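# Could you work out the structure for the sequence below:
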Amino acid sequence: MARPASPRSYHHGDVRNSLLNAARQLIRERRSTDFTMRELVDAIGVTQAAIYRHIEGKAELLATLCLDGFNLYEQAQQKALAKAGDDPWEQFVGLARTHFAFAAQHPDYFRVMFESRTSNKPEIMPSVIPTFRRVVEAVEACQRQGLVIDGNPWDLAVAAWAIFHGLARLFLDGMIDDRPARAKRLERTIAGLLERGMQPLRSKGN
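Here you go, the predicted model:
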């Protein structure tokens, strides 16, 4: 027997947002996008028929969360670039660190964006491409100033992204203690490794 809708569910007039919030909560709790619409119905206390007046199904729900996530991700990238100023290396490292910080702050959006394959949908890709293009552009700017080794800037951007993405997954999946101090220490360590690995070798006289 379906749970009766609460008075709040009847009167708040925003079933769609309630569904999105309930989905985010389930994703955080389960560390996965593995949930059913039936579970969301039970979570917000409305009938299953009612939710389909607001959203077509799980695919549309995940697509909405994915777009919302990339909007927040872009804002985080812009803040990182503003903080870095005109220094291309700081811009590059700031964007790389933003990926890890975003995962820590928004694990629900992060899983939808990078683990559910939703971002591969044609309607989502226009929001995905600019976020990675910023990293490539930062690498190119570094190369023009001799701050990063020669090579395909796309490949170098993927390599840097993969390092921070791997760290993010280790934290999100509980493989590494997620204490803030430890996260910061590992983040600084990886940034240092990127600097030593991606910047050109200098002679001792320079």
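
# Counting neighbours, what do you get for residue 158?
Neighbourhood size, residue 158 [other CB atoms under 10 Å]: 16. Heads up, the C-betas are built off the backbone N, CA and C, glycines and all.

# go on, residue 153?
As a burial measure, residue 153 scores 18 neighbours (other CB under 10 Å).

# How about residue 62?
Neighbours of residue 62 under the rule other CB under 10 Å: 23.

# for residue 105, same thing?
Residue 105 has 11 neighbours, counted by other CB under 10 Å.

# cool, the one 5 residues further on as well?
Burial of residue 110 is recorded as 23 neighbouring residues (other CB under 10 Å).

# List the contacts of residue 27.
Residue 27 makes contact with 33, 35, 107-108, 111-112, according to CB atoms under 8 Å, 6 or more residues apart in numbering.

# What are the buried residues along the lengthiest helix in the chain?
Longest helix in the chain, counting residues (DSSP state H): helix 58-84. Across helix 58-84, burial judged by 16 or more other CB atoms under 10 Å covers 61-70, 72-73, 76-77, 80-81, 84.

# In strands only, show me the contacts of residue 27.
In strands, judged by DSSP state E, none of the contacts of residue 27 are found.

# Among those residues, name the buried ones.
Buried members of the contacts of residue 27, counted by 16+ other CB under 10 Å: 33, 35, 107-108, 111-112.

# Walk me through the domains of the protein.
Using automatic domain parsing, the domains assigned to the chain come out as 7-51, 65-198.

# which residue packs closest to the residue positioned nearest the centre of the chain, ignoring adjacent ones?
The structure's the chain has its C-alpha centroid closest to residue 110; by CA atoms, centre = their mean the separation is 3.7 Å. Nearest non-adjacent residue to residue 110, counting by CB to CB, 6 or more residues apart in numbering: residue 103, 4.4 Å away.

# pretty sure that neighbour is in contact with residue 172, am I right?
Yes - Residue 103 lies in contact with residue 172 (CB atoms under 8 Å); the separation is 5.9 Å.

# hey, what's in contact with both of these two?
Shared contacts of residue 103 and residue 172 (CB under 8 Å, 6+ apart): residue 110.

# tell me the contacts of residue 44?
Contacts here follow CB under 8 Å, 6+ apart; on that basis residue 44 touches 9, 15, 18-19, 22.
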